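S.K.: Below are the sequence and a predicted model for it; my questions follow.
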Amino acid sequence: MIRFALILTVALLMSACVQRKYDWNNYDANLYRYYKDPASAQQFRAGMETHLKDLEAKKQRPAPGLYAELGTLYLEQGDRTTAATYYAKERDAWPESRYLMETMLQSLQKPSKDGGKK
Amino acid sequence: MKTWTRLAAVVLVGALGGCATTKPPHDFTEFNKAPPRSILIVPVVNRSLDVDASNYVLSTLTVPLAELGYYVFPVNTVKVVLEQEGLYEPEQVRRMEPAQLAALFGADAVLYVTIKRWDAQYVVISTTVTVEFDYEMTNKNGTKIWSANKQMQYSPQQQQQGASGLAVLIAAAVSAAVTRAAPNYLPLTQQANQQVLVVEPTKLPAGPYASAP
């Protein structure tokens, strides 16, 4: 019983320390899984998209980088238009990303090496 | 039971220590001259034998840094951009001028992480998993503003101290088998990151978004 109480106390103390600022929806674990199994790309992308739409509906600011990561997942699928939409969202949400996102958007406007949209 | 209680007391003190800020601080003179708002995490240099370790570690760094209040550049997007520039190997990126990298992405600071150890040692029925990382941050001029090193170790059998005899042997054999099939490096990696980034003495100052809702 003492053992149980101690475990509970430790767990509570630890959770008090790690309260999070952002709702990540397991971004790190999903990225890890994506690297381990690239076939999970579509699942990763769909999960992020749903999550970001939920946050927008709740008027919550997504964690830094999430819009851009989703844009890149679209880009890797060859969907440059949707990629650009998310890069623009990242730029508008985070001024620190502006330079990189503008660069990405400009490079998307040029015709791609493999002849545009797949 | 006595051992257990003592262990629990140590863990409890450790957990409390995680929140406390009493140790003398690290030298943050260079850091504070121009505190960064944004941090570029570049692909992780891997000195271990596990070829996948680099990507795994890369996936664990964003959350703790962003939670401290920094803008963290999207690590996978950064990796893809670097690959488009012909930089497929983290070592190639490491050899670039930090100032040039920071300028390429418009970042205030660059974080380099090197995996020094990432291994599991098997001794009949016991397994010890070890990770060790070097962390180094430079500002956009290339000046080093922060660094840390962390080694973490884990032996699953340590958790079965209460039991005895055959039960311990069986439990150890089972956990060694599980660990051998899939050594669990990630929790250790997350702990190492947490220890250097949010615990004294290397704890980073809060970033610009730390108090924003």
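M.R.: Sure thing, it's come through. Numbers count the residues shown, from 1 in each chain, chains lettered A, B, ... in the order given.

S.K.: Contact partners for residue 37?
M.R.: Here I'm looking at chain A. Residue A:37 makes contact with no residue under the criterion CB atoms under 8 Å, 6 or more residues apart in numbering or on different chains. C-betas here are computed from N, CA, C, even on glycine.

S.K.: Can you look at chain B instead?
M.R.: Residue B:37 neighbours (CB under 8 Å, 6+ apart): A:96, B:70-71, B:108, B:207-208.

S.K.: try it again with 10 Å
M.R.: A:94-96, B:69-71, B:107-109, B:207-209 (CB atoms under 10 Å, 6 or more residues apart in numbering or on different chains).

S.K.: and if you look at residue B:195?
M.R.: Taking CB under 10 Å, 6+ apart as the definition, contacts of residue B:195 comprise B:18, B:148, B:150, B:152, B:202-203.

S.K.: Check pLDDT for those residues and point me to the minimum.
M.R.: Across those, the smallest pLDDT goes to residue B:18, namely 47.

S.K.: For chain A, what's the nearest residue on chain B?
M.R.: residue B:106 (2.9 Å; CB to the nearest CB).

S.K.: For that residue, give its distance to residue A:80.
M.R.: 22 Å (CB to CB, to the nearest Å).

S.K.: What's the per-residue pLDDT of residue B:29 here?
M.R.: 92.

S.K.: Any regions of the chain where pLDDT drops low?
M.R.: Going with chain A. By pLDDT under 70, the weakly predicted segments of chain A are A:1-18, A:112-118.

S.K.: hmm, I had chain B in mind actually
M.R.: Ranges of chain B meeting pLDDT under 70: B:1-25, B:156-164, B:171, B:174-182, B:212-213.

S.K.: ok so, going back, can you get me a residue count around the residue of chain B closest to chain A?
M.R.: Residues lying near residue B:106 (other CB atoms under 10 Å in any protein chain shown) number 18.

S.K.: so what's the closest residue to it other than its chain neighbours up against?
M.R.: With sequence-adjacent residues excluded and distances taken as CB to CB, 6 or more residues apart in numbering or on different chains, residue B:106 is closest to residue A:99, at 2.9 Å. Contact analysis of residue A:99 by CB under 10 Å, 6+ apart lists A:91, B:38, B:103-107.

S.K.: Now do the residue in chain A positioned nearest to chain B against residue B:61, distance only.
M.R.: Chain B sits closest to residue A:99 of chain A, with a gap of 2.9 Å, by CB to the nearest CB. Note on residue A:99: its distance to residue B:61, by CB to CB, is 21 Å.

S.K.: ok, which stretches of chain B are helices?
M.R.: With DSSP state H as the criterion, chain B has helices at B:2-19, B:29-33, B:53-67, B:75-84, B:90-95, B:98-105, B:166-181, B:186-198.

S.K.: need those helices in JSON lines with distance to residue A:73, can you?
M.R.: Shown next, in JSON lines, are the helices of chain B (distance: least, CB to CB, whole Å):
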{"stretch": "helix B:2-19", "distance to residue A:73": "35"}
{"stretch": "helix B:29-33", "distance to residue A:73": "33"}
{"stretch": "helix B:53-67", "distance to residue A:73": "14"}
{"stretch": "helix B:75-84", "distance to residue A:73": "8"}
{"stretch": "helix B:90-95", "distance to residue A:73": "21"}
{"stretch": "helix B:98-105", "distance to residue A:73": "19"}
{"stretch": "helix B:166-181", "distance to residue A:73": "30"}
{"stretch": "helix B:186-198", "distance to residue A:73": "21"}
